[in-house]
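> Need a 3D model of the following:
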Amino acid sequence: MQTLPPLRALQVFEAVGRCGGVAEAARRLGISAGAVSQQMKLLEDTLGLRLMQKDGKRLRLTAAGARYHESCAVAFESLRVAHAEIERSKNVRNLNVSALPSLLSKWLATRVVAWQQRHPDLSVYLDGTHTEPSPEGYEIDFRISYGDRVADVNNAVELFCDCVVPVCSPHLLRADAPLATPADLLAYPLISVDWLPKFASPPSWRDWFRANAIDEADNGRVNDTRQVYSLSSVAIQSAIDGHGFVLAQSSMICDDLAAGRLVMPFALGLPLPWPYFLTWRPNTFDKAHCRSFHRWLLTQAKEQQQLNDRLLRVIGETSEPASL
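Okay, here's the model as predicted:
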């Protein structure tokens, strides 16, 4: 394994590149400009490479220095994030929750405010990421994931199985294209969601039309999808903006339907292939507010599952317009 250059020299180099010069880097680091120059020379001597060069009265990164700085900047940012996460975890009055970005923004974030109002002395940190945190990580109390492996995970419970329903902006609807049956949606632009390769994607428009007994000849027109998104929340926003119909997850559209930003002409749902599930660290329940949050979240999930079950029962029984 190769020996790394002195950490202090790397820190100074990262600051010089980030600040755009020696003087500002020295001010940020609380050291003299001479000390900065000394560390820069040490790093260049260690690497046997010129990292900076004069450009008039200023110093700028060489091509090699720019490439090296990019990697150093990523590494130091990771260290800053790790340090901040550890500092947050040391505060027992914090609740740290990680979730998939779209579920976080369209489901959890809109609900957790009500829970926090009952715990005004708590700080709630919500982290939207597709990266699964380490089960033993210090920073996360709970993680909401999606997949078929809940039975294989320690400290885990299934939350709900979501379903998708067709929605659009009310401004998209046209008098010359009335919606009497599901097949009438073929007259409108269709927006799709594709999570592959990371997850099994939600049902497609082809799946939905087939479930509603739409003729295969008409179903072939579904291939003319104008927009495909990897994030459900972005696809939903595109529908809100009036760009077409989207098969949206029912968990993510309740507020938009209630506010009139979206309408659901047909309450005909198809289930996602996998459930959402909750995991937690072994010592999470040592904190009373984590036990409270766990109970509250399971109640929210139960209500969501009941709503989804109603939508799933409808398909095949009726094509009358309905609402959540």
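> My understanding was that Pro182 contacts Arg210; is that so?
No - judged on C-beta atoms under 8 Å, Pro182 makes no contact with Arg210 at a distance of 10.6 Å. Where you see a C-beta, it was placed from the backbone N, CA and C, and this is true even at glycine.
> Compare these two (neighbour count), which wins?
Pro182 (19 against 15; other C-beta atoms under 10 Å).
> how near is the more buried one to Ala211?
Distance of Pro182 to Ala211, given as C-beta to C-beta, to the nearest Å: 9 Å.
> just Asp152 next, same as before
To Ala211, Asp152 is 30 Å away according to C-beta to C-beta.
> and these two? which has more neighbours close in?
Looking at Asp152 and Ala211 with other C-beta under 10 Å, you find the greater number of neighbours at Ala211, namely 15 against 8.
> pretty sure the more buried one is in contact with Leu270, am I right?
Yes - the pair Ala211 / Leu270 is scored as a contact, 5.8 Å apart, by C-beta under 8 Å.
> Check the residue lying closest to Asn212 once chain neighbours are set aside and give its pLDDT.
In space, and not counting its chain neighbours, Asn212 is closest to Pro182: 4.2 Å by C-beta to C-beta, 6 or more residues apart in numbering. pLDDT for Pro182: 92.
> now do the one 3 residues further on
The confidence metric pLDDT takes the value 93 at Leu185.
> Tell me how many other residues surround it.
23.
> do the same with Thr3
Using other C-beta under 10 Å, Thr3 has 6 neighbouring residues.
> now swap in Asp207 and tell me
16.
> Give the full set of residues in contact with it.
Leu270 (C-beta atoms under 8 Å, 6 or more residues apart in numbering).
> Asp141 too?
By C-beta under 8 Å, 6+ apart, the neighbours of Asp141 are 95-97, 280-281, 284, 287, 290, 293.
> Per-residue pLDDT of it, please?
What the model reports for Asp141 is a pLDDT of 92.
> Give me the distance between it and Cys254.
Distance, Asp141 to Cys254, by C-beta to C-beta: 25 Å.
> do Thr299 as well
For Thr299, the distance to Cys254 - C-beta to C-beta - is 15 Å.
> More neighbours: which of these two?
Taking other C-beta under 10 Å, Thr299 and Cys254 do not tie; Cys254 has more neighbours (17 against 11).
> before we move on, the earlier item: CSV for the contacts of Asp141, including neighbour count, secondary structure and pLDDT?
Formatted as CSV, those follow (neighbours: other C-beta atoms under 10 Å; DSSP: H, G, I helix; E, B strand; the rest coil; pLDDT from 0 to 100):
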residue, neighbour count, secondary structure, pLDDT
Leu95, 23, strand, 92
Asn96, 24, strand, 92
Val97, 23, strand, 95
Trp280, 20, strand, 92
Arg281, 22, coil, 88
Thr284, 18, helix, 89
Lys287, 16, coil, 88
Cys290, 21, helix, 94
Phe293, 23, helix, 97
